[in-house]
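J.: heads up, no residue letters with this:
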């Protein structure tokens with residue numbers, strides 16, 4: 001295949017990446033965008049394989065078959081509650097792949113100084129991404145504590161690791177070799193640094209971590225593209241890296257925090273929120289039905305608890321019943337609800353909730369005072385008034401959905417336990433709040449049964 005034809009196909013693949021990424025910005029077009037990007041990647045892989053003069057494809061085909069089988073099984077079996085963990089593993093896999101590609105590029109003859117630097121960056125960023133993603137997966141899976149893990153000299157240790165990385169990186173680039181001890185030092189230090197960067201992050205900051213690691217995986221791939229002189233890998237890595245950084249910035253703004261604060265503050269490790277006490281007003285499914293039946297406007301506010309209960313389908317069914325009853329129904333989505341960016345959008349899209357009923361936080365808050373009933377389903381931190389009122393709270397200053405301003409608030413929870421950040425929620429004791437305890441799916445199903453009688 002001629003170089004000109006290769007580049008033509010690479011341009012086609014790059015265009016599909018860009019159009020696909022654009023369409024991922026809306027739930028209505030996200031599936032098509034994902035398909036376009038997948039087709040673009042298929043073209044890029046096939047063209048690259050046919051352009052390299054590979055003598056035998058045996059191991060390549062075996063690897064593709066094994067990878068496809070693993071991916072298909074994982075996609076079929078993963079629960080929606082485990083999607084953040086799966087995304088973390090995807091990010092880690094991308095980082096590890098870039099590390100290995102950069103390492104393999106050392107065997108190429110005639111590498112320039114610039115190539116050696118990109119090899120180093122590919123190995124370093126890939127290692128940080130891999131180990132950091134594994135820690136993020138462990139936190140999300142609750143294999144290890146999800147709270148911030150901090151110790152007294154943590155910043156000094158991190159600074160020492162960073163200085164050692166720079167020193168070893170410079171020494172490696174001065175004499176690059178496959179068996180260089182400085183190469184092994186960079187790999188080990190990069191893996192350790194990835195762990196040290198993620199362990200002090202916990203609680204409500206997990207969506208930021210996921211999007212940041214996604215960006216790292218893209219930057220690692222971009223560096224790997226320079227290392228092996230592959231233009232389409234550079235383009236794809238740049239797109240992923242840039243999109244991840246933009247999404248990370250959006251997540252930080254949604255939490256009213258800087259990226260540096262997220263990375264180095266140790267969320268919830270310093271401040272202690274004021275202990276909240278009060279009288280809880282529980283209701284039954286029949287009570288909830290009577291109030292909802294008389295409501296002219298209802299807003300559902302989903303959170304991670306909805307994912308745990310797999311309640312998105314019954315929520316949609318209840319929404320349809322309310323619409324038939326004459327109520328205006330909407331779904332208020334907080335940017336960091338759940339444990340990864342867009343988690344609630346994915347759940348509701350799976351349940352075929354109409355896209356035009358999804359309302360962002362900035363759009364729902366100005367009219368929340370006129371909402372008859374706000375139904376909070378497993379959300380906690382993103383509706384916690386302590387973020388507005390308690391200066392001692394770790395989440396103080398984080399924009400929230402002001403459900404406490406609605407005329408009536410239903411909170412569906414299994415218990416009075418705090419959210420992922422470990423902060424008590426005064427919403428539970430509000431004058432206009434009613435607690436509907438139990439599994440969210442069963443509770444909503446009971447309300448639906450009342451409507452159908």
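T.: Nice, thanks for sending it over. Because the structure is a prediction, the values reported are computed rather than measured.
J.: Let's verify the residue nearest to the spatial centre of the chain: helix, strand, or coil?
T.: Taking Cα atoms, centre = their mean as the criterion, residue 340 is the residue nearest the geometric centre of the chain, at 2.6 Å. Assigned with DSSP: H, G, I helix; E, B strand; the rest coil, residue 340 falls in the coil class.
J.: where does it fall, phi/psi-wise?
T.: Torsion angles at residue 340 (phi, psi; degrees, to the nearest 10) stand at phi -160, psi 160.
J.: For this structure, which segments are assigned as strands?
T.: All strands of the chain, identified by DSSP state E, fall at 297-302, 328-333, 358-360, 373-377, 408-413, 433-437.
J.: winner for burial among those?
T.: Relative to the other members of these, strand 373-377 carries the highest mean neighbour count by mean count of other Cβ atoms under 10 Å, namely a mean of 29. For glycine as for every other residue, the C-beta is placed from the backbone atoms N, C-alpha and C.
J.: quick check, distance from that strand to the centre of its chain.
T.: The gap between where strand 373-377 is centred and where its chain is centred comes out at 24 Å by Cα atoms, centre = their mean, to the nearest Å.
J.: Please parse this protein into its domains.
T.: Using automatic domain parsing, the domain parsing of the chain gives 1-77, 80-270, 285-452.
J.: Mean pLDDT and distance to residue 277 added to those domains, as a markdown table?
T.: As requested, these are exported to a markdown table (pLDDT from 0 to 100; distance: least, Cβ to Cβ, whole Å):
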| stretch | mean pLDDT | distance to residue 277 |
| --- | --- | --- |
| domain 1-77 | 87 | 40 |
| domain 80-270 | 87 | 20 |
| domain 285-452 | 88 | 7 |
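J.: Now render these as TSV, adding distance to residue 279.
T.: What follows is the domains of the chain, written out as TSV (distance: least, Cβ to Cβ, whole Å):
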stretch	distance to residue 279
domain 1-77	39
domain 80-270	27
domain 285-452	6
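J.: circling back to that earlier point, does the residue nearest to the centre of the chain really touch residue 81, like I thought?
T.: No. Using Cβ atoms under 8 Å as the test, residue 340 is too far from residue 81 to be in contact (11.1 Å).
J.: residues of stretch 108-126 that come out buried?
T.: By 16 or more other Cβ atoms under 10 Å, the buried positions in stretch 108-126 come out as 111, 115-126.
J.: try stretch 194-214
T.: Within stretch 194-214, the residues that count as buried by 16+ other Cβ under 10 Å are 194, 196-214.
J.: could you pull out the helices for the stretch 151-300 of the chain?
T.: Per DSSP state H, counting those that start in this stretch, the stretch 151-300 of the chain carries helices over the ranges 154-174, 181-198, 206-227, 231-254, 259-264, 285-293.
J.: got it, and the stretch 301-450 of the chain?
T.: Using DSSP H, counting those that start in this stretch, the helices found in the stretch 301-450 of the chain span residues 304-309, 312-324, 343-350, 361-364, 386-389, 440-452.
J.: so which of those comes closest to residue 50?
T.: For these, the distance to residue 50 is smallest for helix 343-350, at 35.4 Å, taking Cβ to Cβ.
J.: who are the neighbours of the closest one, in terms of helices and strands?
T.: The contact analysis (3 or more Cβ pairs under 8 Å, 6 or more residues apart in numbering; DSSP states H and E) places helix 343-350 against helix 83-105, strand 297-302, helix 304-309, helix 312-324, strand 328-333.
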